[in-house]
Every structure is written in C-alpha cells, then in structure tokens.
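[1] sequence-free structure coming up:
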C-alpha cells in the first residue's frame with residue numbers, strides 16, 4: 001500500500017462507529033455482475049477496514065475475504081465474527097494472497113486512493129478470473145446536511161469546516177480524489193466498464209454522528225496529531241455553529257446526511 005493510515009486504535013474505532021456502509025452500492029455491483037456472469041464464488045474487499053462493506057457482500061457470494069494492511073482496523077471486525085462465509089487477512093493491496101484467476105469480484109470501498117494504483121490494478125487483473133469484475137468506489141468530502149428550512153445555512157457551515165481542514169489534506173490524494181479514480185478508470189484496459197460520477201446516499205444520523213464522521217477524515221487526523229487542542233477547538237466551533245443554526249442545543253438532534261458516492265465497474269475479458 002502506498003500510504004498507511006487509519007492504524008491508530010482510536011482512529012480505527014471512530015472509523016467503525018461513524019463511517020457509512022454503502023448498502024446501495026452493493027446492489028449496483030451485484031446487478032452489474034448478474035448481467036455478465038453466473039459465478040459468485042469469491043469476492044475480495046481490498047482495504048476493508050473493519051469490514052462494514054465486506055459483510056454486505058456475504059449474501060451474494062460463497063466466500064468473501066476482506067484484506068487490509070492495518071492490524072488496528074482488522075481488530076475492529078465484529079467480535080462475533082459476522083457471517084460464516086466472511087474472513088479477513090492482513091496484507092498490502094498490491095500483494096493479494098490469492099491465486100491467479102481465482103477471484104470473481106475485487107472491490108475497494110473508499111480505499112483505492114491510498115494504494116499504489118498501478119500495482120494494485122495489475123494485481124487485481126492477476127487475481128480476477130476471465131469474466132470477473134473490478135468495482136472501485138469512494139465519496140467526495142463535501143457531505144451535505146438536510147434539516148428543516150436551514151439546510152442551506154448548515155451546508156455553508158459544513159463547507160467552512162471542510163475548507164479549514166483542506167490544508168491538512170494528504171498530498172498523495174491531491175485536491176480531488178475523483179480525479180484519482182477517473183485516471184484509474186481511464187487506465188483500466190477492459191472494454192466493458194462503466195463510470196458514475198455521483199450517487200447520493202442519505203442517512204439519518206445525530207448531528208454528533210456527522211461531526212464524528214468528519215473527524216475520521218485523514219485531514220482532521222493530521223491536524224489532531226499536530227495540534228490536538230486546535231483540532232478539538234475547530235470541531236467544537238463548527239458543531240456549535242451548526243447547533244445554533246438549527247436552533248437546538250442537543251448534538252443528538254437528528255439530521256439527514258447526504259454522502260455523494262462515485263464509482264466505476266469493469267469486467268475482465
């Protein structure tokens with residue numbers, strides 16, 4: 001893996017608690033595959049973190065394996081082990097422990113931007129069987145909030161929050177992760193492939209859940225490592241601004257969080 005992050009225990013626990021599991025996109029992936037294959041033996045979720053997305057694949061495949069380079073993330077996998085056909089392995093994204101042509105689906109959910117992209121695509125091609133599928137998805141950092149008639153005001157505040165964190169963004173992903181995925185899509189040689197710029201996924205969460213998710217961003221974690229007091233001050237400042245705009249004092253007040261996913265799908269010839 002080109003960049004190692006999410007390896008602290010606290011960060012891994014927050015990731016498990018606040019990140020959104022993309023149930024809707026699992027359906028998109030499965031429907032794409034169903035039009036092209038009847039083989040659903042082995043799915044591999046690369047950069048799986050604590051397995052929120054990995055377990056969603058379990059109903060559709062005989063076996064699902066989540067891989068991640070971070071022991072702290074894998075330690076957060078559900079204590080009960082989750083579905084019986086799901087397992088996890090620690091390894092780099094560019095060195096997958098599967099034989100050539102053994103895998104029906106390789107996916108990476110909000111992770112591929114951290115990989116050595118060229119090596120990862122080569123490794124995905126190696127392990128995929130002919131007719132197997134590659135599915136890469138992520139979301140932009142400009143999540144929106146909906147709440148009564150003050151949604152626009154809330155999103156102005158959210159954008160201020162994102163702007164304050166932007167200087168701490170990891171240079172590996174540059175100013176836009178969308179471009180990273182678009183470049184990977186362009187470099188994928190498979191003729192059967194699809195790109196989707198935006199799928200809006202909505203979740204009802206307490207306001208504290210939205211703030212908690214922003215705090216899992218790598219940019220916030222960089223600030224937190226550099227200046228913990230400033231990170232806490234910044235987070236509290238924007239939480240209080242949001243509460244004031246909502247005319248409530250409780251961070252447990254529910255809002256609708258809109259996460260804007262983008263993704264691409266490809267079938268190996």
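    Arrived safely, thanks for sending. The model shown is predicted, which means the values in this text are computed figures rather than measured ones.
[2] pLDDT on stretch 171-188, on average?
    Stretch 171-188 shows a mean pLDDT of 90 in the predicted model.
[3] how about stretch 141-159?
    Stretch 141-159 shows a mean pLDDT of 96.
[4] could you do stretch 219-229 as well?
    pLDDT averaged over stretch 219-229 equals 94, rounded to a whole number.
[5] could I get the buried residue list for it?
    Judged by neighbour count (16 or more other Cβ atoms under 10 Å), stretch 219-229 contains these buried residues: 219, 220, 221, 222, 223, 224. (C-beta placed from N, C-alpha, C; glycine too.)
[6] how about CSV for the residues you listed, with secondary structure and distance to residue 24 added?
    Formatted as CSV, these follow (DSSP: H, G, I helix; E, B strand; the rest coil; distance: Cβ to Cβ, whole Å):
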residue, secondary structure, distance to residue 24
219, helix, 26
220, helix, 26
221, helix, 27
222, helix, 30
223, helix, 31
224, helix, 31
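[7] now do the strands in this protein.
    Taking DSSP state E as the test, the strands found in the chain are 42-46, 63-68, 86-90, 103-109, 128-139, 144-146, 192-206, 254-267.
[8] got JSON lines for the ones you listed, with distance to residue 121 too?
    Converted to JSON lines, these look like this (distance: least, Cβ to Cβ, whole Å):
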{"stretch": "strand 42-46", "distance to residue 121": "11"}
{"stretch": "strand 63-68", "distance to residue 121": "16"}
{"stretch": "strand 86-90", "distance to residue 121": "20"}
{"stretch": "strand 103-109", "distance to residue 121": "10"}
{"stretch": "strand 128-139", "distance to residue 121": "8"}
{"stretch": "strand 144-146", "distance to residue 121": "31"}
{"stretch": "strand 192-206", "distance to residue 121": "12"}
{"stretch": "strand 254-267", "distance to residue 121": "10"}
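[9] of all the ones you listed, which lies closest to residue 97?
    Evaluated over those, closeness to residue 97 peaks at strand 86-90, with 5.9 Å, by Cβ to Cβ.
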